[in-house]
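Student: Give me a model of this one.
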Amino acid sequence: MNVAIWIGLTILLSLITYNTTRFFTKEVISICLSYNIRKRNHQKIAIPQLGGLALALTTIFHLFIIYLILYSFMDITIEHEMLVIIRMMVVSILGYGLLGLFEDIGGKHDLIKGLHQHWTHFCNGRVSAIGINRIFGVVIAFFTASFLAKSLLECILFMTMIVGYVNIWNIIDDKLGLPVKISILHNIIMLIAFGVQLLWIISIPILVAKFTFLSFEIKDKVLLGNIGKSILASISALQLIYLSPSTTANISISILLIIIGTILILYRNRMSFKSKTQSIVSNNRQ
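Tutor: Below is the predicted model:
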């Protein structure tokens, strides 16, 4: 009976998620175009960049419905594992969604670049938009990690994993569909590695939202932006933390994330320097 209820609930929520994602995506595209919130891609074409807002609204909407159904109609307490998972995801989505929105709108005008400039700016009694984003990103990661951690050491370890995921996802180039495809691939790998778990029942509508948004992202050329990438990264990190078997595995993953993040940052800086050099050479020739 419980299995039948879950199957029916999953189908219902997936249908709701599909339609709400389509609705919110259309509205977000319209808002981005009307307020000129766009970003130029590699072809120098201006495209909307707050697409992740649709993903945030959809996931919050369906998690709220699951929470309401579980708490109101099923015989479980507020401390039940499923409700803890949902609250953890909601905190992560709201926190990183708001930070992503702040960076998408305010960060685009932030001219402070590099650790040295941020530190100098801070010593002068000011904090840049990117600086605020990074500080609160760590705070949100620590608070979210506390839902699963059993000790301070575990909390710091989980926080490192969440921050590492979010930073790597934000470094990923804004090629249409790439962040969502990587997130879906990440889910498939974890499903193969850890098998069917309670977490996946809650996460199915989120996966439906990813597939639904993917078609809009490619067809209508709307970027996830920092909102969408941060949310996908934080949820992926929380799923891995929840499913990972041991502290040793988590430490290994944290070290791997730091290495990958460092390589990606160095590669991005190198490509940026190369692009600027070519631009200067081209201007001198003219």
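
Student: Only C-alpha atoms from now on, for both contacts and neighbour counts.
Tutor: Will do.

Student: At which residues are the strands of the stretch 1-150 of the chain located?
Tutor: Applying DSSP state E, counting those that start in this stretch to the stretch 1-150 of the chain gives strands spanning 38-40, 46-48.

Student: Which one of those lies nearest to residue 15?
Tutor: Among those, the nearest to residue 15 by CA to CA is strand 46-48 (25.9 Å).

Student: Parallel or antiparallel, which strands does the closest one pair with?
Tutor: Take DSSP bridges as the rule and strand 46-48 pairs in its sheet with strand 38-40 (antiparallel).

Student: Could you list the buried residues of stretch 13-28?
Tutor: 13-14, 16-18, 20-22, 24-26, 28 (16 or more other CA atoms under 10 Å).

Student: Which ones among those map onto helices?
Tutor: Here DSSP state H is the test, and these give 13-14, 16-18, 20-22, 24-26, 28 as lying in helices.

Student: Make JSON lines out of these and add distance to residue 252 and pLDDT.
Tutor: Converted to JSON lines, those look like this (distance: CA to CA, whole Å; pLDDT from 0 to 100):
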{"residue": "13", "distance to residue 252": "36", "pLDDT": "81"}
{"residue": "14", "distance to residue 252": "35", "pLDDT": "82"}
{"residue": "16", "distance to residue 252": "38", "pLDDT": "84"}
{"residue": "17", "distance to residue 252": "35", "pLDDT": "84"}
{"residue": "18", "distance to residue 252": "36", "pLDDT": "85"}
{"residue": "20", "distance to residue 252": "38", "pLDDT": "85"}
{"residue": "21", "distance to residue 252": "36", "pLDDT": "84"}
{"residue": "22", "distance to residue 252": "39", "pLDDT": "84"}
{"residue": "24", "distance to residue 252": "38", "pLDDT": "83"}
{"residue": "25", "distance to residue 252": "37", "pLDDT": "82"}
{"residue": "26", "distance to residue 252": "41", "pLDDT": "83"}
{"residue": "28", "distance to residue 252": "39", "pLDDT": "81"}
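
Student: can you give me the helices for the stretch 101-250 of the chain?
Tutor: 114-123, 129-145, 152-171, 178-194, 198-219, 225-243, 247-285 (DSSP state H, counting those that start in this stretch).

Student: the inter-axis angle of the second one versus helix 152-171?
Tutor: In this case it means helix 129-145. 140 degrees (axes from the mean of the first three to the mean of the last three CA atoms, to 10 degrees).

Student: Who are the packing partners of helix 129-145?
Tutor: helix 81-105, helix 152-171 (3 or more CA pairs under 8 Å, 6 or more residues apart in numbering; DSSP states H and E).

Student: Of all the residues in the longest one, which ones are buried?
Tutor: If I follow you right, that is helix 81-105. If you call a residue buried by 16+ other CA under 10 Å, then helix 81-105 has these buried ones: 82-83, 85-105.

Student: What lies in contact with that helix?
Tutor: For helix 81-105, the surrounding residues in contact (CA atoms under 8 Å, 6 or more residues apart in numbering) are 37, 49-50, 53, 56, 60, 63, 67, 70-71, 78, 129-130, 133, 136-137, 140-141, 144, 147, 198-199, 202, 225-228, 230-231, 234-235, 238.
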